[in-house]
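J.: what follows is a predicted structure for the sequence shown.
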Amino acid sequence: MSHPVANRRTFGRGRWSAAELAERKRRQGLRVSVVLPARDEEKTIGSIVERLVSDLVDAVPLIDELVVVDSDSTDATYAVAAAAGARVHRASEIAPELGSRPGKGEAMWKSLFVTEGDILVFMDADLVEWETDFVVNLVGPFLEDRGIDLVKGFYERPLILGDGSALAAGRVTELVARPVIALQWPELSGLVQPLAGEWAIRRSWFAELSVPTGYAVELAALVDTAAAHGAAAIAQVDLGRREHGHQGLHDLGVMATQILAMARDRAGRATERPETVHLRQFAIRDEEPVALDRFVPVDERPPAVSVAGYRSRETAEHPC
Ligand SMILES: O=c1ccn([C@@H]2O[C@H](COP(=O)(O)OP(=O)(O)O[C@H]3O[C@H](CO)[C@@H](O)[C@H](O)[C@H]3O)[C@@H](O)[C@H]2O)c(=O)[nH]1
Ligand SMILES: O=C(O)[C@H](O)COP(=O)(O)O
């Protein structure tokens, strides 16, 4: 049985122009922050930042601040992003009194402490095929409907092999996220790309969420938004086509572990919330299986609004 994807607030492409949204945003007094969490993305981050600055800062003032959060990179990500025109922060140097953890979710949570926008737009920093109107489309629904808290992007996503042929991409999406959604949160099953790194959220709502420090940040935000405000508070928008870097299978095992740990926690089946999970994977060396042990971080940051440093910062910026 097939279901139309439009069983929730689904928006097509090209509904808004950047100029029209910039004007609506100005009239509504909203500010937009684009945040790119980046770990070792020196090859792609420069062109992503340059194109965003050119189209959506200089040509049309849609983006109010463009921030790269450097997530423990060991390459030149910081310097390349700064030279291209982004404001760059090292995740470990943001609110250092709160300590530092590895992970993408950590970089996104820390971004709350260095940004001011009312709408936070997140994008992966390893995109190789994408359009700057991703940001336009992710912002649009918020300006149309005050009941929307989170906007998720979806797209066609080929996985291009070395020989030029293409496979369907999204291994964790298909083998972990969709089955978990089907079992626990069928109300989210209309989301075409539940793990997409291109999504946007109201800052006031993101600051109320407990945020997994690793790759479970996306699914946790969806589950928690639907639990608190109903699935109707989530919109999705067609972004066209997107191609990005791909991780190997063992590294995707880490992502899957983080997502499953979060799902067990949110489903109320966790007896405790551990800091790490011992994941044992295997490689074949000299025709023998060799155990590869990894301790996968599955911890979470508390809602930023519960952190004194965040509260005092918000009060200073928005005194009532
Ligand atoms: O510790 C980390 C790991 C990754 N990243 C950045 O996060 C983005 C996405 O990371 P990537 O490893 O490319 O993720 P994918 O394998 O593509 O995973 C997809 O699925 C994940 C789970 O939902 C999402 O977090 C990703 O955004 C989404 O692209 C990139 O800019 C990375 O540089 C960090 O900032 N810190
Ligand atoms: O969404 C996913 O499942 C992960 O990003 C992995 O995607 P890939 O299989 O296309 O690398």
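T.: Structure received. Numbers count the residues shown, from 1 in each chain. Ligands and ions are numbered 1, 2, ... in the order given.

J.: and stretch 136-143, what's its mean pLDDT?
T.: For stretch 136-143, mean pLDDT is 97.

J.: the stretch 101-250 of the chain against ligand 2: which residues are in contact?
T.: Leu159, Ala169, Gly170, Arg171, Val172, Thr173, Leu195, His246, Gln247 (Cβ under 6 Å from any ligand atom). In short, each C-beta sits where N, CA and C put it, glycine included.

J.: and the next helix or strand past whatever helix or strand the fifth one lives in?
T.: Spelled out, that is Val172. Of the helices and strands defined by DSSP states H and E, Val172 is found in helix 171-172. Downstream of helix 171-172, the first helix or strand assigned by DSSP H and E is helix 178-184.

J.: convert the C-alpha atoms of the helix or strand just after that following helix to CSV, please.
T.: Where DSSP H and E defines the elements, the next helix or strand beyond helix 178-184 is strand 199-202. The C-alpha trace of strand 199-202 is given here as CSV (Å, rounded to 0.1, in the frame of the first residue of the first chain):
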residue,chain,number,x,y,z
TRP,A,199,17.1,21.1,8.8
ALA,A,200,16.0,24.1,10.8
ILE,A,201,14.5,24.7,14.2
ARG,A,202,13.3,27.6,16.3
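
J.: where does the protein have low pLDDT?
T.: Within the chain, the stretches with pLDDT under 70 are 1-8, 158-168, 317-320.

J.: switch the cut-off to 50
T.: Residue ranges of the chain with pLDDT under 50: 1-7.

J.: related to what we said a few turns ago, of the residues of the stretch 101-250 of the chain next to ligand 2, which count as buried by neighbour count?
T.: For those, a burial check counting by 16 or more other Cβ atoms under 10 Å picks out Ala169, Gly170, Arg171, Val172, Thr173, Leu195.

J.: nearest to ligand 1 within the stretch 51-200 of the chain, name that residue for me.
T.: Going by Cβ to the nearest ligand atom, ligand 1 is nearest to Gly197 of the stretch 51-200 of the chain, at 2.2 Å.

J.: who's in contact with that residue?
T.: Contact analysis of Gly197 by Cβ atoms under 8 Å, 6 or more residues apart in numbering lists Phe122, Met123, Asp124, Glu218, His244.

J.: on that earlier part again, which of the buried ones among the residues of the stretch 101-250 of the chain next to ligand 2 come close to ligand 1?
T.: Contacts with ligand 1 are made by Leu195 out of those, judged by Cβ under 6 Å from any ligand atom.
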